[in-house]
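Engineer: Build me a structure from this.
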Amino acid sequence: MANWQCVKQCGACCNLDPAERPEIEDYLTPEELELYFSMVGEGGWCINFDHTTRECRIYSNRPRFCRVEPEIFQDMYGIETEELNDFAIDCCRQQIEGVYGDRSLEMLRFDKAVGI
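Structural biologist: Got it, this is the predicted structure:
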């Protein structure tokens, strides 16, 4: 069975391009949406993503919408705790494919880490 986990130095979720997330307004509060848009930098990448280390500069203080936690996904997407694992895996795979491609090193690393 596959188990979701964040793969260090991936950063696919740090590509915040609003054009790639047309339904973002359905999931965020007006305040979160304002913060989200303020975090979008050059090329759609989060201004807090360090392209050299491929890590988040504010990871411990990242916003709610950047966290994969049961209560957050329940509130934002209506995902029950028992569904979170599969939902998070699917979301990550879609995002990694969109940013890096379905045969990218990032996808291979993610699939291996989660057990696919």
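
Engineer: residues contacting the closest residue to residue 14 other than its chain neighbours?
Structural biologist: Among residues not flanking residue 14 along the chain, residue 49 sits closest, at 3.8 Å (CB to CB, 6 or more residues apart in numbering). C-beta here means a position set from N, CA and C on the backbone, and glycine is covered the same way. By CB atoms under 8 Å, 6 or more residues apart in numbering, the residues touching residue 49 are 11, 14, 55, 56, 57.

Engineer: Out of those, which sit inside strands?
Structural biologist: Among the contacts of residue 49, the members found in strands (DSSP state E) are 55, 56.

Engineer: Make a ChimeraX selection of the buried ones in the contacts of residue 49.
Structural biologist: Of the contacts of residue 49, the buried ones can be selected in ChimeraX as follows, counting by 16 or more other CB atoms under 10 Å:
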select :11,14,56
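
Engineer: Now do the lengthiest helix in the chain: which elements does it pack against?
Structural biologist: The longest helix of the chain (DSSP state H) is helix 81-100. Judged by 3 or more CB pairs under 8 Å, 6 or more residues apart in numbering; DSSP states H and E, helix 81-100 is in contact with helix 70-77, helix 105-114.

Engineer: Going by neighbour count, list what's buried in the last one.
Structural biologist: Neighbour counts using 16+ other CB under 10 Å place 106, 107, 110, 111, 113, 114 of helix 105-114 among the buried residues.

Engineer: possible to save those residues as a markdown table with distance to residue 94 and pLDDT?
Structural biologist: Listed next are these as a markdown table, based on distance: CB to CB, whole Å; pLDDT from 0 to 100:
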| residue | distance to residue 94 | pLDDT |
| --- | --- | --- |
| 106 | 13 | 96 |
| 107 | 11 | 97 |
| 110 | 11 | 97 |
| 111 | 13 | 97 |
| 113 | 16 | 96 |
| 114 | 14 | 96 |
